[in-house]
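Engineer: Build me a structure from this.
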Amino acid sequence: MVLGRFLLHRVLTFPAMRRSSRNLVATKKGEPKVWLIAHTDSKSQTIAMLPRIASLVLGWFFFLLMIAMMAKLSLGSPVATALSDNLTGVQVSFLSFFTILAAVPFAFCFVTNHSRGALDNASGVAAVLLAVELAGPDRSFGVILTSGEELALAGAKAFVETHHQKGIAINCDTVDDRGRFVCMTEGRRGRAWSALTSGATAAGQKLKARSTIPGILTDSIAFAEGGWDTCTLSRGNLATLGRVHT
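Structural biologist: Now for the predicted structure:
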């Protein structure tokens, strides 16, 4: 998350490992105020997201327990003692072993380019194109299919920096066929959020509103930092995390 945020402000100027790609942009009836966004994606990983998240949580859990035990043994700190009251008799080496064991999935997780991107994010692209088809010829809006989303939101960042007229940006990212619809926002909830919630109500769908999940980068973040009124629509459950990037 920290690295992603760092690169978000430098991805277009970072001097090493430069590559080029293009966003696909289309408009109807002049300069639109509303834009529908989705990103193209073929990133794949040898270890699915769900076991990686579990590995990270368990790794930190065992690591913090190990630190608490070491502090108790060496310092006798009241705070450390309170944290490790239930660890009496557990050796630090035992906790070290489980900390390393929890990190094993990361050692075998390699980023490749072999995914067809059904969930992330062909489903988002399909949702945007279907919305265009259903909207009819009289609606004025724009469509952006961004490139380089996995590289610190490079495509969205490039569009925001070169397109100075701000508007409403509704981003579709990972729309599974099961689970709950979620509307993720950055900061205040504006007209984009209101449009999605009213649309969900009209369609008889439940929509959960929340801030963007920490550690997740979506194109909406780049648009929000550029002053746009934006949000991201997703749908899924725990099983979704087991299929993303596979």
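Engineer: Please make it C-alpha for all contacts and neighbour counts, starting now.
Structural biologist: Fine.
Engineer: Give the other helices and strands that the longest helix anywhere in the chain contacts.
Structural biologist: When the chain is scanned for its longest helix (criterion: DSSP state H), the result is helix 49-74. The contact analysis (3 or more Cα pairs under 8 Å, 6 or more residues apart in numbering; DSSP states H and E) places helix 49-74 against helix 78-83, helix 92-102, helix 104-107, helix 238-241.
Engineer: and the angle from that helix to helix 92-102?
Structural biologist: On the basis of axes from the mean of the first three to the mean of the last three Cα atoms, to 10 degrees, helix 49-74 is oriented at 170 degrees to helix 92-102.
Engineer: Can you pull out the low-pLDDT segments for this protein?
Structural biologist: Within the chain, the segments meeting pLDDT under 70 span 1-5, 69-92.
Engineer: Got phi/psi on the spatially most central residue of it?
Structural biologist: Nearest to the geometric centre of the chain sits residue 216, at 3.0 Å (Cα atoms, centre = their mean). Dihedral pair for residue 216: phi -100, psi 130, per degrees, to the nearest 10.
Engineer: Next up, the contacts around residue 219.
Structural biologist: Applying Cα atoms under 8 Å, 6 or more residues apart in numbering to residue 219 gives the contacts 39, 149, 153, 156, 157, 171.
Engineer: and the residue lying closest to the first one once chain neighbours are set aside, how many neighbours?
Structural biologist: By that I understand residue 39. Computed as Cα to Cα, 6 or more residues apart in numbering, the closest residue to residue 39 that is not its neighbour in sequence is residue 146, at 4.5 Å. Here the number of neighbours of residue 146 (other Cα atoms under 10 Å) works out to 25.
Engineer: Surely residue 146 and residue 36 touch.
Structural biologist: No - counting by Cα atoms under 8 Å, residue 146 sits too far from residue 36 to count as a contact (10.7 Å).
Engineer: Switch the helices and strands packed on helix 49-74 over to a markdown table; also include distance to residue 228.
Structural biologist: As requested, these are arranged in a markdown table below (distance: least, Cα to Cα, whole Å):
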| stretch | distance to residue 228 |
| --- | --- |
| helix 78-83 | 44 |
| helix 92-102 | 40 |
| helix 104-107 | 36 |
| helix 238-241 | 28 |
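Engineer: circling back: when you check the contacts of residue 219 against the helices, which ones overlap?
Structural biologist: Going by DSSP H, the helices hold 156, 157 from these.
Engineer: from the contacts of residue 219, which two are the most distant?
Structural biologist: 157 and 171 (13.7 Å; Cα to Cα).
Engineer: who's more crowded, the two?
Structural biologist: Remark: of residue 157 and residue 171, residue 171 carries more neighbours, 30 against 26, as counted by other Cα under 10 Å.
Engineer: returning to what we had before: columns distance to residue 24 and mean neighbour count on top of the helices and strands packed on helix 49-74, output as TSV?
Structural biologist: Formatted as TSV, these follow (distance: least, Cα to Cα, whole Å; neighbours: other Cα atoms under 10 Å):
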stretch	distance to residue 24	mean neighbour count
helix 78-83	53	14
helix 92-102	41	16
helix 104-107	34	13
helix 238-241	27	14
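Engineer: Buried residues, stretch 48-58. List them.
Structural biologist: Neighbour-count burial for stretch 48-58 flags 48, 49, 50, 52, 55, 56, 58 (criterion: 16 or more other Cα atoms under 10 Å).
Engineer: Just the closest of these to residue 67, please.
Structural biologist: Proximity of those to residue 67 (Cα to Cα) peaks at residue 58, which lies at 14.3 Å.
Engineer: how about the closest one, what does it touch?
Structural biologist: Listed by Cα under 8 Å, 6+ apart, the contact set of residue 58 reads 99, 102.
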